[in-house]
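1. Fold the following for me, if possible:
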Amino acid sequence: MDGMTILAETVKKTSETAQAEEAVVPIDLLWDHITSLNLLEALMFVSFGAICIFYGWRVFKMLVVISFALLGLFFGVVAAEKVSGENHRLIGGLVGMGLFGFLSLPLMRWAVCVLGAIAGGIATSAIWYACGLTETYIWAGALVGIVAGGMISFIVFKIAVMLFSSLAGSSLLVVGVLAILYLYPETTEQLQELVFTKKWFLPVMLLVPTAAGVFLQNKFVKSSHEWSV
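-> A predicted model of the protein is given here:
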């Protein structure tokens, strides 16, 4: 083996190691969850996602309660693990889920603003990832979106409703569509290549339906005289 071959292999290994250390977005974990869905589950994801994209403005209160209940479940599990280890994770999760879900009802406007800020952070993080910027600093892109989304949510409440419901629907829709495509051998290999080698693919899949949802919901809201927040 000559010196040039050794040098080329060393550079390749160094590059792969640097990319692995830089990787922050858990694409492998997301892909594992997507590919674990069967056809019925994938179709349910697509159906609920479409409902959120088109009619999220009508069911936003239910979406807020569900979203905050899931947040409470996560924080409850984390708190229970820190306080008493893994023995009381279920109890902690149930308590957190019930507490957050209950508090979201009287604090609906604040809850929508929080979800709008989170949606903004996810959107700008997706743009950061699609542009191929350093994943280590993706939190900076997320912070910009959180601040912008939070400010918009406080100023224009309806925009916050449309943004977070469209993003939630888009997430469900994309997961369902990718799961369905993965089930067919003709598209499995090409789909995996797009997901793992083209950084723009997943963000585009997420943000295009989100933008379409915001546009469509805005039209529906203008033509509806009975919707109130």
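2. switch to C-alpha atoms for all contacts and neighbour counts from now on
-> Fine.
3. Centre of the chain to the strand or helix carrying residue 166, how far?
-> Assigned by DSSP states H and E, residue 166 falls within helix 157-182. The chain centroid and the centroid of helix 157-182 are separated by 8 Å under CA atoms, centre = their mean, to the nearest Å.
4. Could you identify the helix or strand that succeeds that helix?
-> Using DSSP H and E, the first helix or strand after helix 157-182 is helix 185-197.
5. still on that earlier bit, determine the set of other helices and strands touching the helix holding residue 166.
-> helix 27-35, helix 39-55, helix 60-84, helix 108-130, helix 138-155, helix 185-197, helix 201-223 (3 or more CA pairs under 8 Å, 6 or more residues apart in numbering; DSSP states H and E).
6. can you pull the contacts of the residue nearest the centre of the chain?
-> Centroid-nearest residue in the chain: residue 171, 5.8 Å away (criterion: CA atoms, centre = their mean). Each residue near residue 171 by CA atoms under 8 Å, 6 or more residues apart in numbering is listed here: 49, 206.
7. Run through the chain and note the low-pLDDT ranges.
-> Counting by pLDDT under 70, the chain shows low-confidence ranges at 1-23, 85-86, 224-229.
8. One more pass at 80, please.
-> Across the chain, the ranges flagged by pLDDT under 80 are 1-25, 83-88, 222-229.
9. before we move on, the earlier item: next, the angle from the helix holding residue 166 to helix 185-197.
-> The directions of helix 157-182 and helix 185-197 differ by 130 degrees, with axes from the mean of the first three to the mean of the last three CA atoms, to 10 degrees as the criterion.
10. quick check: angle from helix 157-182 to helix 39-55?
-> Using the same axes, to 10 degrees, helix 157-182 lies at 160 degrees relative to helix 39-55.
11. tell me the angle of helix 157-182 relative to helix 201-223?
-> Going by the same axes, to 10 degrees, helix 157-182 makes 140 degrees with helix 201-223.
12. which residues sit against stretch 151-164?
-> By CA under 8 Å, 6+ apart, stretch 151-164 touches 56-57, 60, 109, 112-113, 115-120, 149, 210, 213-214, 217-218, 229.
13. And stretch 184-191, by the same measure?
-> 178, 181-182.
14. what separates it from the chain centre, distance-wise?
-> 24 Å.
15. Going by neighbour count, which residues of that stretch are buried?
-> Residues of stretch 184-191 classed as buried by neighbour count (16 or more other CA atoms under 10 Å): none.
16. Which of the contacts of stretch 151-164 are buried, as a PyMOL select command?
-> Remark: buried members of these, expressed as a PyMOL selection using 16+ other CA under 10 Å:
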select buried, resi 56+57+60+109+112+113+115+116+117+118+119+120+149+210+213+214+217+218
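17. Number of residues surrounding residue 82?
-> 10 (other CA atoms under 10 Å).
18. Roughly how far does it sit from residue 102?
-> 24 Å (CA to CA, to the nearest Å).
19. which residues touch residue 104?
-> Per CA under 8 Å, 6+ apart, neighbours of residue 104: 64-65, 68, 111.
20. which of the residues you listed sit farthest apart?
-> 65 and 111 (8.7 Å; CA to CA).
21. coming back round to it: neighbour count for the contacts of stretch 184-191 - can I get that in CSV?
-> Below are the contacts of stretch 184-191 laid out as CSV (neighbours: other CA atoms under 10 Å):
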residue, neighbour count
178, 23
181, 17
182, 22
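22. just these now: which is nearest residue 145?
-> For the contacts of stretch 184-191, the nearest to residue 145 is residue 178 (25.8 Å; CA to CA).
23. what's near enough to touch the closest residue to that closest one other than its chain neighbours?
-> Excluding the flanking residues, the one nearest residue 178 by CA to CA, 6 or more residues apart in numbering is residue 34, at 7.0 Å. Applying CA under 8 Å, 6+ apart to residue 34 gives the contacts 175-176, 178-179.
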